[in-house]
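Colleague: sequence-free structure coming up:
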């Protein structure tokens, strides 16, 4: 029990030591992309809004929020922290530390000294990438403390267990805290947020194939009664759904299996993974169409369409909720001009298809009915489609405030939400 308390403290302290350096680096990278007048947490808040998530206050020094920034795709910004590293080491280390952070948040999970040591070593590697020498030094001191404890236990196993060591004084840092940081000019901040919203609230973003860094080994899938192995599988499930959802069940199971070294489909392993989902252990849920979403996301408020410029994405693997967004964009570009037949032709051309039939046609028909049911668009007596709020749409089109040219689209300009 005392050893677990120590292990949790070491793990928590490693993340605490890394936090200021990681905050500075995230601030620097995001400032280069959207300007220095916007806190980087605004990026996640705006993306969560576009994904229909319930708004939350986010802290720059919260490791969980920091690891989201460096591991998730940031909308149209992509993966900015891996842009100078083709091996994606930054997000790989972030994924490992995210797992450690999740373990800390579950009191029922046992954390041993070896887990704490792995977290510290990973934090050292990430701090080295940041060129944060003081942080590396502090983490190395913490690593020495763990090694000293492990060696002392080997020297005399018969000694009475020592009382858990008191936490060391928290490391000093020269980084300004949120409270002590100089206040930004109010006008500049508002301007910066407007510019940031323009770059983050695009409704059409690039689609990319699902990719996930290795999280475990095949042995973990064979030992799901082991708490650590089970947690890794849940981490993989949540990572795929958080970063690439809504995602179909087949894509989810295949992607999670790859995170454990399985390159080919394996029914027994996929059944084990699906069992973890069905038991409700992962923070994801399955909608009526068979697509998986992160908990807390309202699909009706999910405002994004992910466009594949290379034609690799199968239409039937796209959630009807996402297709509603594409159809809304098409209709907003040509209000009152499209019959159902011509609308289907627009969708067909978007995916480079010669004809729209079978499962793909069923998916589009479902999206059209759902868009009408949710008051996204409707059909006039002339059997032409129009957005529900035609007045505001016309004003938006006239002012050109919410239209953005998207090269290569068959629908011309791409509508952007200001909601």
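Modeller: On my side now, so go ahead. Here the structure is a predicted model, which means the values were calculated and not measured.
Colleague: Mind telling me what element residue 306 is part of?
Modeller: strand 305-307 (DSSP states H and E).
Colleague: That strand - contacts with which helices or strands?
Modeller: Packing partners of strand 305-307 (3 or more Cβ pairs under 8 Å, 6 or more residues apart in numbering; DSSP states H and E): strand 204-206, helix 320-333. In this view, the C-beta of every residue, glycine as well, is placed from N, C-alpha and C.
Colleague: Apply 10 Å and report the result again.
Modeller: On a contact count with 3 or more Cβ pairs under 10 Å, 6 or more residues apart in numbering; DSSP states H and E, strand 305-307 meets strand 204-206, helix 320-333, strand 413-415.
Colleague: which one of the ones you listed has the lowest average pLDDT?
Modeller: For the helices and strands packed on strand 305-307, mean pLDDT drops lowest on strand 413-415, to a mean of 31.
Colleague: so residue 97 touches residue 15, yeah?
Modeller: Yes: judged on Cβ atoms under 10 Å, residue 97 makes contact with residue 15 at a distance of 6.8 Å.
Colleague: Any stretches of the stretch 251-400 of the chain with poor pLDDT?
Modeller: Within the stretch 251-400 of the chain, the ranges that satisfy pLDDT under 70 run 265, 389-400.
Colleague: Quickly list the domain ranges of this structure.
Modeller: 2-155+188-199, 209-293, 314-415 (automatic domain parsing).
Colleague: closest one to residue 300 among those?
Modeller: With Cβ to Cβ as the measure, domain 314-415 is the member of the domains of the chain nearest residue 300 (5.4 Å).
Colleague: picking up where we left off before, please identify which of residue 97 and residue 15 sits among more neighbours.
Modeller: More crowded of residue 97 and residue 15, by other Cβ atoms under 10 Å: residue 97, with 27 against 21.
Colleague: The more buried one: which element?
Modeller: Taking DSSP H and E as the criterion, residue 97 maps to helix 89-104.
Colleague: What average pLDDT does that helix get?
Modeller: Across helix 89-104, the per-residue pLDDT values average to 84.
Colleague: what helices or strands is it leaning on?
Modeller: Against helix 89-104 (3+ Cβ pairs under 10 Å, 6+ apart) you get helix 2-34, helix 63-71, helix 113-129, helix 227-244.
Colleague: Off-centre distance for the longest one?
Modeller: Remark: helix 2-34 is offset 18 Å from the chain centroid, using Cα atoms, centre = their mean, to the nearest Å.
Colleague: got the angle for that helix vs helix 113-129?
Modeller: Angle, helix 2-34 to helix 113-129, by axes from the mean of the first three to the mean of the last three Cα atoms, to 10 degrees: 20 degrees.
Colleague: For helix 2-34, buried residues please.
Modeller: Buried residues in helix 2-34, defined by neighbour count with 16 or more other Cβ atoms under 10 Å: 3-4, 6-27, 29-30, 33-34.
Colleague: circling back to that earlier point, is it possible to export the helices and strands packed on helix 89-104 to JSON lines including mean pLDDT and distance to residue 305?
Modeller: Output for these, formatted as JSON lines (pLDDT from 0 to 100; distance: least, Cβ to Cβ, whole Å):
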{"stretch": "helix 2-34", "mean pLDDT": "90", "distance to residue 305": "22"}
{"stretch": "helix 63-71", "mean pLDDT": "90", "distance to residue 305": "22"}
{"stretch": "helix 113-129", "mean pLDDT": "90", "distance to residue 305": "34"}
{"stretch": "helix 227-244", "mean pLDDT": "84", "distance to residue 305": "14"}
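Colleague: Reformat these as CSV; add distance to residue 81.
Modeller: Shown next, in CSV, are the helices and strands packed on helix 89-104 (distance: least, Cβ to Cβ, whole Å):
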stretch, distance to residue 81
helix 2-34, 6
helix 63-71, 5
helix 113-129, 9
helix 227-244, 14
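Colleague: Which of those sits closest to residue 53?
Modeller: Distance to residue 53, taken as Cβ to Cβ, is lowest for helix 227-244 among the helices and strands packed on helix 89-104, at 10.3 Å.
Colleague: roughly how far out does the closest one sit from the chain middle?
Modeller: Taking Cα atoms, centre = their mean, the mean C-alpha location of helix 227-244 is offset from the chain mean by 12 Å.
Colleague: do the same with stretch 283-296
Modeller: Centre-to-centre, stretch 283-296 and its host chain are 15 Å apart (Cα atoms, centre = their mean).
Colleague: Name the SS class of residue 107, please.
Modeller: Recorded secondary structure, residue 107: coil (DSSP: H, G, I helix; E, B strand; the rest coil).
Colleague: From what I see, it and residue 8 are in contact.
Modeller: Yes: with contact defined as Cβ under 10 Å, residue 107 counts as touching residue 8 (9.0 Å).
Colleague: Please name whichever of the helices and strands packed on strand 305-307 is nearest to residue 379.
Modeller: Nearest of the helices and strands packed on strand 305-307 to residue 379, taken as Cβ to Cβ: helix 320-333 at 10.1 Å.
Colleague: Once you drop chain neighbours, what's closest to residue 80?
Modeller: Leaving out its chain neighbours, the residue that sits closest to residue 80 by Cβ to Cβ, 6 or more residues apart in numbering is residue 29, at 5.4 Å.
Colleague: Buried residues of the helix holding residue 97, list them for me.
Modeller: Here helix 89-104 shows 90-104 as buried, counting by 16+ other Cβ under 10 Å.
Colleague: Identify, out of the helices and strands packed on strand 305-307, the most deeply packed stretch.
Modeller: Among the helices and strands packed on strand 305-307, helix 320-333 has the highest mean neighbour count (mean count of other Cβ atoms under 10 Å), at a mean of 24.
Colleague: Would you check the distance separating that one from the middle of the chain?
Modeller: Averaging C-alpha positions (Cα atoms, centre = their mean) puts helix 320-333 23 Å from its chain's average.
Colleague: what does stretch 31-47 give?
Modeller: Stretch 31-47 has its C-alpha centroid displaced from the chain centroid by 16 Å (Cα atoms, centre = their mean).
Colleague: Please state the backbone phi and psi of the residue lying closest to residue 328 once chain neighbours are set aside?
Modeller: Of all residues not flanking residue 328 in the chain, residue 376 sits nearest, at 5.3 Å (Cβ to Cβ, 6+ apart). Dihedral pair for residue 376: phi -90, psi -40, per degrees, to the nearest 10.
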